[in-house]
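Undergrad: make a model of this:
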Amino acid sequence: MIRVKTTSIVVYISLMVGLIGCKNNNPTNTKSEESLSKNDGFISIFDGETLNDWKGNPTYWSVENGNLTGIITPETLLSKNTFIIWQSGEPSNFELKLEYRISQNGNSGINYRSESIDSIPYALRGYQADIDGKNNYTGQNYEERKRTTLAYQGEKVNVNPLSNSETKSSLAANIQKNCWQNREVTKSLGSKESLLAHIKKNDWNQVHLIVNGNRMKHYVNGVLMSDVTDNDTINRTISGEVGVQVHVGPPMKVEFRDIRLKEVAD
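TA: Prediction:
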């Protein structure tokens, strides 16, 4: 009887030590995983309270309910597209993540590797991840005030180099129906219908841009919408400003939040 009791005590103690060990290990693992998920290299470039580090026309841009907000009213219709531009860098290779919500008639976009135009206040020239409320263009790669459409929704594209005889003055000759002609579609990323099924209307959507070297990938809600490799050394840019747009057109509203940037090595 004594042997049986001793064995029972040993088993009981062993079980308790095991349980205590499990309780001690789980919080440690959870904390480690949470720390890793937060320490992903991204930095916030919009504080959710002010327009610090951003420059745009206050007629159109403000902070509302913690969101970077662009509004066009019947009294403030635009004659030219206008941007609010981040002032703290001109990234080259990077990832950008944000969430947006846009009204049904809204037209907007996220510009990157862009340059300001001295003659037009708050205008940008350069690559754009397109956004619109009807999702006719959302996710495509459109080069504002330059080569126009480089990739429509669902396209993987190589932009071919211009010949030695062609220069920047040849831009107009290479554009037809608002699309750059010196490009080659190498793959379909999915039908327009299947891609649009992933985009929510009048609700928040997530954008993730991956820009590295001469390749630019636009994701919406985790789905690759366009993929461009720009081999046009005459017209491409490798760094530049970041900004978001309100577009000429009817009254509209667009909101952005959780804007985060991670610069990456070449």
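
Undergrad: so is A173 in a helix, a strand, or just coil?
TA: Following DSSP: H, G, I helix; E, B strand; the rest coil, the label given to A173 is helix.

Undergrad: ok, V63 touching T50?
TA: Yes. Look at V63 against T50 with CB atoms under 8 Å: they come within range, at 6.4 Å. (Each C-beta comes from the backbone N, C-alpha and C, glycine too.)

Undergrad: how many residues are close by D203?
TA: Other residues near D203 come to 10 when the count uses other CB atoms under 10 Å.

Undergrad: contacts only, for it.
TA: By CB atoms under 8 Å, 6 or more residues apart in numbering, the residues touching D203 are R101.

Undergrad: with E143 instead?
TA: When contacts are counted by CB under 8 Å, 6+ apart, E143 touches 126-128, 149-150, 180.

Undergrad: one step back: of V63 and T50, give the one with the bigger neighbour count.
TA: Each of V63 and T50 has its neighbours counted (other CB under 10 Å); V63 has more, 17 against 9.

Undergrad: what strand or helix carries the more buried one?
TA: If you go by DSSP states H and E, V63 is part of strand 61-64.

Undergrad: put the alpha carbons of that strand into CSV.
TA: Extracted C-alpha coordinates of strand 61-64, given in CSV (Å, rounded to 0.1, in the frame of the first residue of the first chain):
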residue,chain,number,x,y,z
TRP,A,61,-7.8,67.3,-48.3
SER,A,62,-8.4,66.9,-44.5
VAL,A,63,-8.4,64.4,-41.7
GLU,A,64,-11.9,63.0,-40.9
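
Undergrad: what's next to the helix or strand following that strand, contact-wise?
TA: Beyond strand 61-64 on the C-terminal side, the first helix or strand identified by DSSP H and E is strand 67-72. For strand 67-72, contacts defined as CB under 8 Å, 6+ apart pick out 46, 48, 51, 54, 60-63, 78, 84, 101, 108, 244-246, 249-257, 259.

Undergrad: one more time with 7 Å, if that's ok
TA: Outside strand 67-72, the residues that touch it by CB atoms under 7 Å, 6 or more residues apart in numbering are 46, 60-63, 78, 108, 246, 251-257, 259.
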